[in-house]
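[1] Kindly return the folded structure for what I paste below:
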Amino acid sequence: MGSTADHLYIKPVSLQSCHTFKFHHEAQLCVEITDVSQLKVLVHQGLEAPLVLGEGSNVIFTGDYEGHVLLNKLKGRDVIEEEDAYLIYLAGGESWSESVVWSIEQNMPGLENLALIPGSVGAAPVQNIGAYGVEFKDFCVAVHECDLVTGLCRRRLASDCDFGYRSSIYKHDTSRDVFITGVELRLPKIWSPTLSYGALQNLSDDATALEVMQEVIHIRQKKLPDPYVLGNAGSFFKNPIVSNAQFQDLIKTYPKLPFYDLGDSGYKLAAGWLIEHCGLEPMREGDIAVHTDQALVLVNLGQGHSDDLLKLAKRIQDRVHLMFHVALEPEVHFYQGRGVWYPL
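    This is a model prediction of the structure:
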C-alpha cells in the first residue's frame, strides 16, 4: 500500500486484497487514509479518477483501474447522550459490523437488525444498507465528507442524501469525488424490536436488542458465506420491486412466492427465491458459482475471473426475466478503467 509523500509515485498496485472477490486486477496507486489531513495533501498533489474503498465487500473490479484508490482507514467512535437519544459519531474506516456490536454492548439499541453486514461505516450511506426491515437512513442524522476536488470538508444532512432502496446521492456520478470521513447516527432511548421481516417474526415481542442481534447474526452466518473466507460481495442482486398488478399475476402462478408488501409502492420480492426456482443448472461459470445455501450470493471458489462472474450474472438475469418477467438489478458496484460502469 502507498502513503502520502511530496509527490505521487505511480506504479501498478494489486487490488486483490482490496475487494472481497479477490480478482487479479491492478490500480495506478493505492493509499491508506488514516487522517483527514492526508486527503488535503493528496488533493493538492492531484488525484486521477479517485476511488474510495472501505473493506471492498460491495465492489467488483472487472479490469485494471486507471486511477488512484484511497482506502478508508479512519478510526474513532464518539457518543453524546441526550435526554431522549444517543447521538453517535462513527469514523468512516470503522467496521460496520463491529460498530453494531459495540452499540449493543453500550446499551444503545437500534442497529441490531443491521448486524454482520460486511463493509466499513463509510460504505453504509453509499448503499443505504438494510436488512430485516431496517435501513441505515432510519438512524442517519448527517454524513461527514471531504471533497476530493477542492479538499474542503463538510457535513451533509441526511435529508440531502437522497436515500432510497440500496441507493443514495453517493451512488450518483456527481458524488464520486467524495470521501466519507464519518457518519452521525441518532438512536432513540425509547426502543422496541423490529420483528416484522423474515425469520425474526419467530422472536417474542419482548425480545431484547441483544437477542435480536444474536438471531440476525445466526441467520446470516447460516445462509451467507463469510466474504473474508470465500470470496463474494454479499447479496449480488437487489430484491426487485414490482407493481401491484404484476404481483397479483405472479402470486396466482407461484403461490409460495415470498414477498413484502410495500403498500402503494408495490411488492418487494425475494431475488434469491426467483433464482432458485428459475431452473438454471449448472449455476457456474469457471470458478464462479451460485452459493449452495443462498442463491442471491455469487462466490469465487478460488481461481475465478471477473469475466466469468459477468457471464454467470447475465445468465441469471436472462433466465429470471424469461421465467418471471422480472428484471434483476445488481446491488454491487463494478469498476474498471477510470470509474464505475454498468456491465449488466
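
[2] Let me see the contact set for the closest residue to residue 14 other than its chain neighbours.
    In space, residue 14 comes closest to residue 26 once its chain neighbours are excluded; the distance is 5.7 Å by C-beta to C-beta, 6 or more residues apart in numbering. In short, each C-beta sits where N, CA and C put it, glycine included. Going by C-beta atoms under 8 Å, 6 or more residues apart in numbering, residue 26 touches 12-15, 64-65.

[3] From the residues you listed, which land in helices?
    Among the contacts of residue 26, the subset assigned to helices under DSSP state H is empty.

[4] And the residues you listed, which is the shakiest by pLDDT?
    Among the contacts of residue 26, residue 12 carries the lowest pLDDT, at 76.

[5] That residue is in contact with residue 28, isn't it?
    Yes - in this structure, residue 12 is within contact of residue 28 by C-beta atoms under 8 Å, at 6.9 Å.

[6] Looking at these two, which is more packed in?
    residue 28 (20 against 12; other C-beta atoms under 10 Å).

[7] mind checking which helix or strand the more buried one is in?
    According to DSSP states H and E, residue 28 maps onto strand 26-33.

[8] buried set for that strand?
    For strand 26-33, a neighbour-count test (16 or more other C-beta atoms under 10 Å) marks 26-31, 33 as buried.

[9] Which single one of those is nearest to residue 165?
    The closest of the buried residues of strand 26-33 to residue 165 turns out to be residue 33 (C-beta to C-beta; 29.2 Å).

[10] Residue 72 versus the closest one, what's the distance?
    6 Å (C-beta to C-beta, to the nearest Å).

[11] what is in contact with the two at once?
    Common neighbours of residue 33 and residue 72 are listed as 93, 179 (criterion: C-beta under 8 Å, 6+ apart).

[12] where along the stretch 51-200 of the chain do the helices fall?
    96-105, 124-127 (DSSP state H, counting those that start in this stretch).

[13] Serialize those helices to CSV and add fields for distance to residue 148 and mean neighbour count.
    Formatted as CSV, the helices of the stretch 51-200 of the chain follow (distance: least, C-beta to C-beta, whole Å; neighbours: other C-beta atoms under 10 Å):
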stretch, distance to residue 148, mean neighbour count
helix 96-105, 22, 19
helix 124-127, 14, 25
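
[14] Compare the mean pLDDT across the ones you listed and name the weakest.
    helix 124-127 (a mean of 94).

[15] who does the longest strand seen in the chain touch, helix- and strand-wise?
    What stands out as the longest strand in the chain, according to DSSP state E, is strand 59-72. In terms of contacts (3 or more C-beta pairs under 8 Å, 6 or more residues apart in numbering; DSSP states H and E), strand 59-72 is packed against strand 26-33, helix 36-45, strand 51-53, strand 178-188, helix 306-324, strand 333-337.

[16] and that strand, which strands flank it?
    When sheet partners are counted by DSSP bridges, strand 59-72 sits next to strand 26-33 (parallel), strand 51-53 (parallel), strand 333-337 (parallel).

[17] how many degrees apart are the first one and helix 36-45 in direction?
    If I follow you right, that is strand 26-33. 140 degrees (axes from the mean of the first three to the mean of the last three C-alpha atoms, to 10 degrees).

[18] any low-confidence regions in the stretch 51-200 of the chain?
    173-176 (pLDDT under 70).

[19] what do you get if the cut-off is 90, keeping everything else the same?
    Along the stretch 51-200 of the chain, the model assigns pLDDT under 90 to residues 57-58, 67, 127, 165-167, 171-177, 196-199.

[20] where along the stretch 201-344 of the chain do the helices fall?
    Counting by DSSP H, counting those that start in this stretch, the helices of the stretch 201-344 of the chain are 209-223, 244-253, 271-276, 306-324.

[21] Which one of those helices lies nearest to residue 264?
    Closest to residue 264 of the helices of the stretch 201-344 of the chain, according to C-beta to C-beta: helix 244-253, at 8.4 Å.

[22] Output the contacting helices and strands for the closest one.
    Using 3+ C-beta pairs under 8 Å, 6+ apart, helix 244-253 sits against strand 267-269.

[23] Tell me who's in contact with residue 81.
    residue 87.

[24] Swap in 10 Å and give it another go.
    87, 108, 189 (C-beta atoms under 10 Å, 6 or more residues apart in numbering).
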